[in-house]
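1. This is a predicted model, with the sequence first.
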Amino acid sequence: MNADKKVKILATLGPAVEGIEQIRQLVEAGVNLFRLNFSHGEHADHAQRYQWVREVERQLGTPIGILMDLQGPKLRVGRFAEGKVELQRGQTLRLDLDSTPGDARRVNLPHPEIIEALQPGMNLLLDDGRLRLQVTAKESDAVITEVIAGGELSDRKGVNVPEAVLQLSPLTEKDRRDLTFGLELGVDWVALSFVQRPEDILEARALIQGKAALMAKIEKPSAVQKIEEIAQLCDAIMVARGDLGVEVPAENVPRIQKDIIRICRQLGRPVVVATQMLESMRFSPAPTRAEVTDVANAVAEGADAVMLSAETASGDYPLEAVQMMSKIIRQVEGGPDFQSQLDVGRPQAEATASDAISCAIRRISAILPVAALVNYSESGASSLRASRERPKAPILSLTPSLDTARRLSVAWGVYSVVNERLHKVEDVTRTALEIARAQGVARAGDTLVITAGEPFGQPGSTNSLRIETLH
């Protein structure tokens, strides 16, 4: 068990990583869970990569999480008679439901939900925010806009509507087919794109039916405004800074990231910071100084995990990107003020025995030279509460459930070992000491803090704490 870093790495699989050996190298370099991006590739491609990860998991004897990332609705303009047009600042552009190829004066917008939601004064962003339009008038089947920032616009470019909540499900027919396939495959996490409101989480949960954990991607301003309600309804949050950075001013993204991390930590929900973290390493073996600082800031702010996208999916240096991210994480976590910074942002504990014990193990690990905090949990709930405290020592989570172990792969500082179901606290103590020695996280003379609960198998029942020395 490689528990020498607390912040986890989520790496995207794609054509750049082909085969069991490459995946094994990524895991040994620091990857804790993998992302299958259903915006690209066929089902057969994802099934093959899924099997490769499971084989590496078997070889290494360590639980590895797999996240499927649903594409979500893709809003685009229609086609142009000439393939593209040049829009000039101040000109008028009509967006309508007519599928006829467009020109510089009008173009098809095949999304009645957008036309219905837009009002005069609202902005539309095209082609990842490169062009900006402002609505000046509205008709039943069209909006009239003024070009605020012009440029070239070609066929099927994307549309962003930052100022309106669209009456649109985050799950397209493609997403529903993909979701059925992914759940049958056995993915551990589902990442939901295009989340606008809490009701979107409930819709996805009804389809998932507990077969996987749910991660909400925050990429819309309306989701930022409802972040606390959304976080309470899902199992984890992803700060999807790519699309978010299109729909909100770029200078607002760092503050939003900090706020989301703080809220998720208070609620005990894992939070992943994603998109363009080491973007230049798609084509270069070394990152920019700004990218290194970006990753370091996410670690220092208390994120549970950081994500690599194109860097490992289609880049030229996937292994080097993972190695670099691991180095940055370890460097920040080894800093003299890292723990004190996390303690400053420590969330308010709830009045439960589980939270009281979680607070206690954080204090104990700061006072005593604790090698590991060992927690027995069938559901993973108490391991997540311990992770929320950001203790100094790694959390060794013993669980009889492989599904639980895989889902915990995203949680800060938690490393899981699948073990048979135990029946009393004495069993936990004996097993914890044996596993800590076998996993190499503790040696003779080291101190372990062991937590469990009775009655066994009941989530939230953690009510005992023992300090043991390994002999």
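-> Structure's in. What do you need?

2. How is the chain divided into domains?
-> 8-72+171-333, 84-160, 349-469 (automatic domain parsing).

3. Compute the first-to-last residue distance for the last one.
-> With Cα to Cα, to the nearest Å applied, domain 349-469 spans 28 Å between its terminal residues.

4. returning to what we had before: figure out which of the domains of the chain is closest to Asp343.
-> domain 349-469 (7.5 Å; Cβ to Cβ). The C-beta positions use only the backbone N, C-alpha and C, and glycine is treated the same way.

5. from the middle of its chain, how far away would stretch 193-211 be?
-> 15 Å (Cα atoms, centre = their mean, to the nearest Å).

6. Correction: the previous question concerned stretch 154-171.
-> On Cα atoms, centre = their mean, the centre of stretch 154-171 falls 22 Å from that of its chain.

7. Flag every buried residue along it.
-> 155, 157-166, 168-171 (16 or more other Cβ atoms under 10 Å).

8. How much space separates Pro162 from Ser354?
-> Using Cβ to Cβ, to the nearest Å, Pro162 is found at 40 Å from Ser354.

9. For the helix or strand where Ile263 lies, buried residues please.
-> Ile263 belongs to helix 253-267 when elements are defined using DSSP states H and E. By neighbour count with 16+ other Cβ under 10 Å, helix 253-267 contains the buried residues 253, 256-258, 260-261, 263-265.

10. Tell me which two of those residues sit farthest apart.
-> Farthest pair in the buried residues of helix 253-267, by Cβ to Cβ: Val253 and Arg265, 18.6 Å.

11. related to what we said a few turns ago, next step: the buried residues of stretch 154-171 restricted to strands.
-> 159-160 (DSSP state E).

12. Find the pair from the buried residues of stretch 154-171 with maximum spatial separation.
-> Among the buried residues of stretch 154-171, Asp155 and Val165 lie farthest apart (Cβ to Cβ), at 27.4 Å.

13. correct me, but Thr276 touches Val239?
-> One correction, residue 276 is Gln, not Thr. No: with contact defined as Cβ atoms under 8 Å, Gln276 does not count as touching Val239 (11.7 Å).

14. So between these two, which is more surrounded?
-> A direct count of neighbours by other Cβ atoms under 10 Å for Gln276 and Val239 places Val239 higher, at 26 against 17.

15. So what does the more buried one look like in phi/psi?
-> Dihedral pair for Val239: phi -80, psi 100, per degrees, to the nearest 10.

16. and if you look at Leu125?
-> According to degrees, to the nearest 10, Leu125 has phi -110, psi 140.

17. cool, Lys217 as well?
-> The phi/psi pair for Lys217 (degrees, to the nearest 10) is phi -90, psi 120.

18. neighbours around it, how many?
-> Neighbours of Lys217 using other Cβ under 10 Å come to 26.

19. Which residues are in contact with it?
-> Neighbour list for Lys217: 69, 72, 191-195, 238, 240, 274 [criterion: Cβ atoms under 8 Å, 6 or more residues apart in numbering].

20. again with Ser309
-> 12, 35, 37, 274-277.

21. Same list as before, these that is, but in a markdown table and with distance to Ile144 included.
-> A markdown table is the format used below for the contacts of Ser309 (distance: Cβ to Cβ, whole Å):
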| residue | distance to Ile144 |
| --- | --- |
| Thr12 | 40 |
| Arg35 | 41 |
| Asn37 | 37 |
| Ala274 | 36 |
| Thr275 | 33 |
| Gln276 | 35 |
| Met277 | 40 |
